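Participant: Quick one: sequence and predicted model below, then my questions.
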Amino acid sequence: MNHTGFAPTFVKGIALAAILSLITITPCTAATGNAVSPSATDNWESAIVATTAKVTPAVKDVRLALNETPNAPEQVRKAALTSIDVAEASALRVWMLYSLGVEPGSPYLNTQDSFVLQAALDALPMHVTALVKAQTSYNAKLTQAKKKAAAKATKPAAAKASKKAPAAKFLTTAQYRKQAEAFLKTLPGGKKVTIEWGDPQGHLGGVWMPGSSTIILNAKKLDRQLDRTKDVLRHEIGHIHQNWTMAKLNVSMKTYEARSNAVFGGVEPAADAVAIVLGASSVYYKSDFTKAQLNAARNILKDKMP
Ligand SMILES: [Zn+2]
């Protein structure tokens, strides 16, 4: 075949069609190795066909790597794309000239073409490595940044939680009882009164009448409820003063009850009146009292008859 006279412009003309065929053509010639020896003229043709065939899968690997490494730096991606262009263009030129029957060693197809093609082919896997390395580095940095952000986000929450922990709401039973006993001492006559932590027949609090200076508080029902306990103590201290008044004035329970009934409607509403005078926010028996009744409650606290 003599194609020595075909013009380079003609080569350009069929280049586009050849690009497509390059991808699917698998030369039947057996591979004889990547390097092409200039002296081995006999194997020159089969060698260049085999080398050309290796470009397609190698380019495919780089394109896959490009797809899977979107965060590789732009210069790494550009270098990979350029490498693909060089390899494809080189393979195309060699394949086309060969398939058109250009004699190896002619000015159009020579050993130099073979070396250029081989160099372009050899460069492709290096770009896969570079892309994967760049993406791995990006992923590692991203993971680190996410960890940092997560740590930052949980830090203020943890700090808030630790600040909340010692708040008064979370008293231990021992702390609660200590505070309840301390509060009792602030009430009129409270220093002479003791608390018995038990069960006043199911009530929240109780005092034996006539009886001692002991307030029995319901240990289970009131446990760690300091505000509620304070109101119970404000009521029970009323009963303590009722006891003290009867003892001091030598008044019988019957007489004292009759007086309490007349003024408050009973010894219980009387103790509620005392609780309100002492600042209770919740009472059990009665909450509406007249000025006269509240004054009578103040007398109870002075151990006088209401
Ligand atoms: Zn009572």
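Facilitator: Thanks, I have it. Residues are numbered from 1 along each chain as shown.
Participant: The ion contacts on the chain?
Facilitator: With C-beta under 5 Å from the ion as the criterion, the chain meets the ion at residues 268, 271. The way it works is simple: take the backbone N, C-alpha and C, and place the C-beta from them, glycine included.
Participant: cutoff 6 Å now
Facilitator: Residues of the chain lying near the ion by C-beta under 6 Å from the ion: 235, 239, 268, 271.
Participant: how about those in a markdown table, adding neighbour count and secondary structure?
Facilitator: Shown next, in a markdown table, are the residues of the chain next to the ion (neighbours: other C-beta atoms under 10 Å; DSSP: H, G, I helix; E, B strand; the rest coil):
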| residue | neighbour count | secondary structure |
| --- | --- | --- |
| His235 | 26 | helix |
| His239 | 23 | helix |
| Glu268 | 17 | helix |
| Ala271 | 29 | helix |
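Participant: Strands along the stretch 101-250 of the chain, start to end?
Facilitator: With DSSP state E, counting those that start in this stretch as the criterion, the stretch 101-250 of the chain has strands at 194-198, 205-206, 214-218.
Participant: Let's have those strands in TSV, adding mean neighbour count and mean pLDDT.
Facilitator: Below are the strands of the stretch 101-250 of the chain laid out as TSV (neighbours: other C-beta atoms under 10 Å; pLDDT from 0 to 100):
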stretch	mean neighbour count	mean pLDDT
strand 194-198	14	96
strand 205-206	22	94
strand 214-218	21	96
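Participant: Could you export these as JSON lines, including distance to Ala182?
Facilitator: Listed next are the strands of the stretch 101-250 of the chain as JSON lines, based on distance: least, C-beta to C-beta, whole Å:
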{"stretch": "strand 194-198", "distance to Ala182": "11"}
{"stretch": "strand 205-206", "distance to Ala182": "17"}
{"stretch": "strand 214-218", "distance to Ala182": "14"}
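Participant: quick one, what contacts Arg224?
Facilitator: Going by C-beta atoms under 8 Å, 6 or more residues apart in numbering, Arg224 touches 171-173, 176.
Participant: List buried residues within those.
Facilitator: Among those, those classed as buried by 16 or more other C-beta atoms under 10 Å are 171, 176.
Participant: To Tyr285, which of the strands of the stretch 101-250 of the chain lies closest?
Facilitator: The closest of those to Tyr285 is strand 205-206. By C-beta to C-beta, the value is 12.8 Å.
Participant: for that closest one, packing partners?
Facilitator: Judged by 3 or more C-beta pairs under 8 Å, 6 or more residues apart in numbering; DSSP states H and E, strand 205-206 is in contact with strand 214-218, helix 226-249.
Participant: tell me what the longest helix anywhere in the chain is packed against?
Facilitator: Longest helix of the chain, by residue count under DSSP state H: helix 111-164. Contact partners of helix 111-164 among helices and strands, from 3+ C-beta pairs under 8 Å, 6+ apart: helix 41-68, helix 74-99.
Participant: from the chain's centre, how far out does it sit?
Facilitator: 23 Å (C-alpha atoms, centre = their mean, to the nearest Å).
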